[in-house]
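# sequence and computational prediction follow.
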Amino acid sequence: MHSSPISRDKSLKLFPNSYVVLDIETTGFNPKEHEIIELSALKAENGVIIDEFSKLVKPVGYLSSYISNLTGITIDMLQNAPFIKETILDFKEFCANYIVIGHNINFDLSFINTQLIKNYDIPFTNDYIDTLKLARKYLPQLPSRKLAAIAEYFGLDTTGMHRGLKDCMVTNLCYQKFIQLHSPEQHNQINALGLKF
């Protein structure tokens with residue numbers, strides 16, 4: 001029985017030099033009932049984006065008008081897209097052994113892990129950082145800690161959100177803002193302590 005990434009709470013560097021920011025779009029909220037329709041990720045070295053991954057995924061089941069309106073992804077756009085089994089391993093390979101970063105990342109990881117185990121009996125075991133947890137810690141005054149609200153607080157452009165790559169870009173910029181809240185000395189201290197977030 002493979003462990004879910006949701007149950008892991010490992011100590012790791014909060015400010016890694018290399019990482020992957022990921023985001024998915026789905027047909028709903030339950031990883032056992034709903035499907036991934038977009039897989040996206042950005043690879044960063046020292047805060048600079050060096051590579052990207054973005055693929056639409058054709059669902060087997062229903063795509064609601066609510067999800068289409070939210071994401072801008074239509075069933076026509078997905079007609080010639082690969083099914084999840086054809087693309088999930090490529091996504092895992094892109095993430096490799098990097099620490100992954102996302103906003104409310106347990107949502108994304110639950111879908112990714114479910115599909116990897118379902119199709120290949122391979123779990124997604126990357127360590128991760130959740131910018132939602134960072135927002136709870138460092139921006140407790142915000143009435144909403146949705147990604148768009150945090151981005152607006154930092155003065156970032158939120159146009160085109162709810163698509164994978166755009167959400168990855170916004171998450172990365174928010175993460176960089178959280179880094180800027182700390183001095184280099186604090187970075188070293190936090191990394192040395194392996195604080196949990």
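Structure's in. What do you need? Residues are numbered from 1 along each chain as shown.
# ok, what's across the strand from Asp130?
Asp130 has the following beta-bridge partners by DSSP bridges: Gly102.
# just the pLDDT for it.
We have a pLDDT of 95 for Asp130.
# Phe53 too?
For Phe53, the predicted pLDDT is 98.
# isn't it right up against Phe91?
Yes. Taking CB atoms under 8 Å as the definition, Phe53 is a contact partner of Phe91 at 6.3 Å. In short, each C-beta sits where N, CA and C put it, glycine included.
# so what sits against both of the two?
Jointly contacting Phe53 and Phe91 under the rule CB atoms under 8 Å, 6 or more residues apart in numbering are Leu39, Ala41.
# counting neighbours, go ahead and name the busier of those two.
Phe91 (24 against 20; other CB atoms under 10 Å).
# so when I look at Val20, I'm seeing a helix, right?
No. Counting by DSSP: H, G, I helix; E, B strand; the rest coil, Val20 falls outside a helix, being strand.
# ok, the residue lying closest to it once chain neighbours are set aside - how many residues close by?
Nearest-residue entry for Val20: Tyr98, 4.3 Å, with adjacent residues in sequence omitted and distances by CB to CB, 6 or more residues apart in numbering. A count of nearby residues for Tyr98, using other CB under 10 Å, gives 19.
# can you tell me how far Tyr98 sits from Phe124?
Separation of Tyr98 from Phe124 (CB to CB, to the nearest Å) stands at 12 Å.
# now do the same for the nearest residue to Phe124 once chain neighbours are set aside: helix, strand or coil?
What sits nearest to Phe124 in space, not counting adjacent residues and going by CB to CB, 6+ apart, is Asn113, at 4.6 Å. Counting by three-state DSSP, the backbone at Asn113 sits in helix.
# and Arg14, which of the three is it?
Check again: residue 14 is Leu, not Arg. Going by three-state DSSP: Leu14 is coil.
# wait, it touches Ile129, no?
Yes. Shown here, Leu14 and Ile129 form a contact pair, counting by CB under 8 Å, at 6.6 Å.
# report all helices and strands that the helix or strand containing Ala41 contacts.
Assigned by DSSP states H and E, Ala41 belongs to strand 36-45. Contacts defined by 3 or more CB pairs under 8 Å, 6 or more residues apart in numbering; DSSP states H and E place strand 36-45 against strand 18-26, strand 48-56, helix 65-71, helix 84-95, helix 105-120, helix 164-180.
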